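Peer 1: The following block contains a protein sequence and its predicted model.
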Amino acid sequence: MSRDLAHRVTELVKPTSKEDKRMTLFPTARREGLIVEELPDEVLVYDLNTDKAHCLNKTAALIWKNCDGKKAEGDIAAVLQRELKSPIPNQVVTLGLEELAGFGLLKEVAAGPRREHLSRRRLIQNLGLTAALALPLIVSISAPAAAQAGSGPPDPCIANPGGLGCSCNIDSQCDSQNCNEGVCGPEL
């Protein structure tokens, strides 16, 4: 399919749901609202809109970096083969695009013909275990809300300064009336 024809098809077929994002002909990575930190073998992406952090392995990072709206899946697979110095089938790119779309790291774009969902398990079965090392992987965590991000439980000695284990200078500062070397101890 020529690029002009593919472009016309993408203008005609609009995505109807989040799931349709995986069918893109020329995928485009989302860049706005993201903080990106590149490391030697992975890329960390923090999504300011969802407060989620994503860790992309080398394969997923290469796929995401090459989603420029100009490359088709086959073109991205060719880039991966050059960069990873290993044969990379288009199905690996398809899986990576599905994962990137699922985590909201691709822009909403026009979709191509619907394809069957590709599972990681089936891809490993078809390609072999050694190909599993080249599979794209994205691990995500949610940032805690401000109230959850505290440093731990409150200090019990603030609410009850004379409780066991709290600091003291004299016996009368302790509920147990037992100040033992600067710490309230049990009753004697």
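Peer 2: Right, received. Where do you want to start? Numbering: from 1, shown residues only.
Peer 1: And residue 139, which helix or strand is it part of?
Peer 2: Using DSSP states H and E, residue 139 sits within strand 138-142.
Peer 1: Sheet-wise, list the partners of that strand with their directions.
Peer 2: Strand 138-142 pairs in its sheet with strand 52-57 (antiparallel), by DSSP bridges.
Peer 1: what does the strand it pairs with rub up against?
Peer 2: Strand 52-57 is contacted from outside by 41-47, 64, 103, 105, 136-143, using C-beta atoms under 8 Å, 6 or more residues apart in numbering. (C-beta placed from N, C-alpha, C; glycine too.)
Peer 1: Just the buried residues of these.
Peer 2: The neighbour-count test (16 or more other C-beta atoms under 10 Å) applied to the contacts of strand 52-57 identifies 42, 43, 45, 47, 64, 103, 105, 136, 137, 138, 140 as buried.
Peer 1: Mind checking what secondary structure the third one has?
Peer 2: State at residue 45, reduced to three classes by DSSP: H, G, I helix; E, B strand; the rest coil: strand.
Peer 1: count of residues packed around the closest residue to it other than its chain neighbours?
Peer 2: Computed as C-beta to C-beta, 6 or more residues apart in numbering, the closest residue to residue 45 that is not its neighbour in sequence is residue 54, at 4.5 Å. Residues lying near residue 54 (other C-beta atoms under 10 Å) number 23.
Peer 1: Same check on the one 4 residues further on?
Peer 2: Neighbours of residue 58 under the rule other C-beta under 10 Å: 19.
Peer 1: downstream neighbour of the helix or strand of the chain with the lowest mean pLDDT in the secondary structure list?
Peer 2: Sorting the helices and strands of the chain by mean pLDDT, DSSP states H and E puts helix 3-12 at the bottom, at a mean of 35. The helix or strand immediately downstream of helix 3-12 is strand 34-38, counting by DSSP H and E.
Peer 1: Just the C-alphas of the helix or strand containing residue 64, formatted as PDB.
Peer 2: Using DSSP H and E, residue 64 maps to helix 58-65. Extracted as PDB, the C-alpha positions of helix 58-65 are listed here (Å, rounded to 0.1, in the frame of the first residue of the first chain):
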ATOM      1  CA  LYS A  58      15.100  -1.300  25.500                       C
ATOM      2  CA  THR A  59      12.700  -2.800  22.900                       C
ATOM      3  CA  ALA A  60       9.600  -0.900  24.100                       C
ATOM      4  CA  ALA A  61      11.700   2.300  24.300                       C
ATOM      5  CA  LEU A  62      13.000   1.900  20.700                       C
ATOM      6  CA  ILE A  63       9.400   1.200  19.500                       C
ATOM      7  CA  TRP A  64       8.100   4.300  21.300                       C
ATOM      8  CA  LYS A  65      11.000   6.600  20.100                       C
END
